[in-house]
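Student: Quick one, fold the following:
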Amino acid sequence: MASNLGFGIEAFRSSARDTSWNWDVDMSDIKVQPPPTSIDAIARQSRPSALLALRLLGTWIDWLILCSFLIVPDWLLGNERYQQTIWIWLGLIVLYYPVLEGIWGRTPGKLIAGTIVVDATGRPPGIWKAVLRTLARLFEVNPFLIGGIPAGIVMLNSETRRRVGDMWANTYVVRVKDLGALSNQPAS
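Tutor: Residues are numbered from 1 along each chain as shown. You can find the predicted model right below:
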């Protein structure tokens, strides 16, 4: 047993003394992207398919929540009381995107998906821009027409990964962790 141990240590010692290894590494073909310096740069560097998947996940979660604004109150209150308070539930639906995206940049769906809506400065877009995004959402992300297909097609073909609503409002949807890379940049 001692001879096996000695052989293992000797083999290690001899390989450690071997100087025939070439430690020079050719890194000329390795491309390192510089850290992003703007929201536009973050959007351009994001992988389209990954961002599309996250946006679809967030959209479906938000649709489920919006549907629950109509189904749950009817179930809890009963149909008669629900009919008397329908304006409250419809109001929540109308205000959902403009308020949540406008003030915080996130809906529950975006929170779970790890994305955020920002303006060109990296801040939540504000109510007006969120209203513009929502108006475009009525035709490009409408689940009753052709789902999010128009938004997905536009986003995949946009260099900055934006749908029509983002272009109208001059907003971006980016991953929160990518936005963090921008905020870690040293001040110039």
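Student: So the residue most central in space within the chain versus Gly109, what's the distance?
Tutor: The centroid of the chain falls nearest to Thr115 when counting by C-alpha atoms, centre = their mean (2.9 Å). Between Thr115 and Gly109 the computed distance is 9 Å (C-beta to C-beta, to the nearest Å). In this view, the C-beta of every residue, glycine as well, is placed from N, C-alpha and C.
Student: cool, Tyr172 as well?
Tutor: Distance of Tyr172 to Gly109, computed by C-beta to C-beta: 17 Å.
Student: What is the neighbour count of Arg123?
Tutor: As a burial measure, Arg123 scores 10 neighbours (other C-beta atoms under 10 Å).
Student: so what's the backbone phi/psi at it?
Tutor: phi -100, psi 160 (degrees, to the nearest 10).
Student: Wait, a helix at Arg137?
Tutor: Yes: checked against DSSP: H, G, I helix; E, B strand; the rest coil, Arg137 lies within a helix.
Student: which ones are touching the closest residue to it other than its chain neighbours?
Tutor: Nearest residue to Arg137, sequence neighbours excluded (C-beta to C-beta, 6 or more residues apart in numbering): Gly165, at 5.6 Å. Going by C-beta atoms under 8 Å, 6 or more residues apart in numbering, Gly165 touches Leu132, Arg133, Thr134, Leu135, Ala136, Arg137, Glu140, Val141, Ala151, Thr171.
Student: Looks like the second one contacts Tyr172 (just checking).
Tutor: Okay, so that is Arg133. No: using C-beta atoms under 8 Å, Arg133 makes no contact with Tyr172, being 10.8 Å away.
Student: Trp63 reaches Asn142, doesn't it?
Tutor: No: taking C-beta under 8 Å as the definition, Trp63 is not a contact partner of Asn142, at 10.1 Å.
Student: if we can go back for a sec, and the residue nearest to the centre of the chain, how close does it get to Lys177?
Tutor: According to C-beta to C-beta, Thr115 and Lys177 sit 10 Å apart.
Student: So in this structure, which helix runs the longest?
Tutor: For the chain, the helix that runs over the most residues, judged by DSSP state H, is helix 48-77.
Student: What about the residue lying closest to Trp63 once chain neighbours are set aside, how many residues nearby?
Tutor: In this structure, Trp63 finds its nearest non-sequential neighbour in Pro143, 5.6 Å apart by C-beta to C-beta, 6+ apart. By the measure other C-beta under 10 Å, the count of residues near Pro143 is 12.
Student: Could you do Trp63 as well?
Tutor: Neighbourhood size, Trp63 [other C-beta under 10 Å]: 15.
Student: the helices in this structure, which residues?
Tutor: Secondary structure of the chain (DSSP H): helices at 2-17, 39-45, 48-77, 79-84, 86-99, 108-113, 127-140, 149-157, 164-169, 176-183.
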